[in-house]
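Undergrad: Build the 3D model from these lines:
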Amino acid sequence: MKHRKISGPDNINIEMVAAMEDLGVDIKQLLIDIYDTGQIPTDLSQSIFTAIPKKPGAIECELHRTINLMRHETKIVLRILMK
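TA: Next up is the predicted model:
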């Protein structure tokens with residue numbers, strides 16, 4: 001994951017996750033739990049959608065860009081599942 005990115009709804013950035021090393025979330029065990037139960041935990045499935053104007057003073061929807069803020073653990077899990 002790239003450093004110096006904005007944090008998600010949990011206000012934890014990727015530098016904090018990297019600093020925890022073995023004390024943090026065990027991604028492998030998390031994937032096994034998701035696979036066994038078939039469900040993603042609710043705290044991992046929450047995200048915030050934000051519309052950012054492409055140009056100052058934009059009013060119409062076409063002139064906005066939508067970004068999704070989600071937990072970094074969710075991004076890691078989604079990238080693993082996509083591969």
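Undergrad: A18 should be in a strand, yeah?
TA: No: checked against DSSP: H, G, I helix; E, B strand; the rest coil, A18 lies outside a strand; its state is helix.
Undergrad: Name all residues that make contact with it.
TA: Shown in contact with A18 (Cβ atoms under 8 Å, 6 or more residues apart in numbering): H3. Every residue, glycine included, has its C-beta placed from N, CA and C.
Undergrad: Quick check, pLDDT for the nearest residue to L81 once chain neighbours are set aside.
TA: Excluding the flanking residues, the one nearest L81 by Cβ to Cβ, 6 or more residues apart in numbering is L31, at 7.8 Å. As predicted, L31 sits at a pLDDT of 77.
Undergrad: Equivalent analysis for M82, please.
TA: Here the pLDDT value assigned to M82 is 83.
Undergrad: what's the answer for L44, then?
TA: pLDDT recorded at L44 is 81.
Undergrad: One more: G24?
TA: The model reports G24 with a pLDDT of 63.
Undergrad: before we move on, what about K54?
TA: For K54, the pLDDT comes out at 91.
Undergrad: rewinding a little: pretty sure the residue nearest to L81 sits against L78.
TA: No: using Cβ atoms under 8 Å, L31 makes no contact with L78, being 10.8 Å away.
Undergrad: re earlier: helix/strand/coil for the residue nearest to L81?
TA: Look at L31: counting by three-state DSSP, its state is helix.
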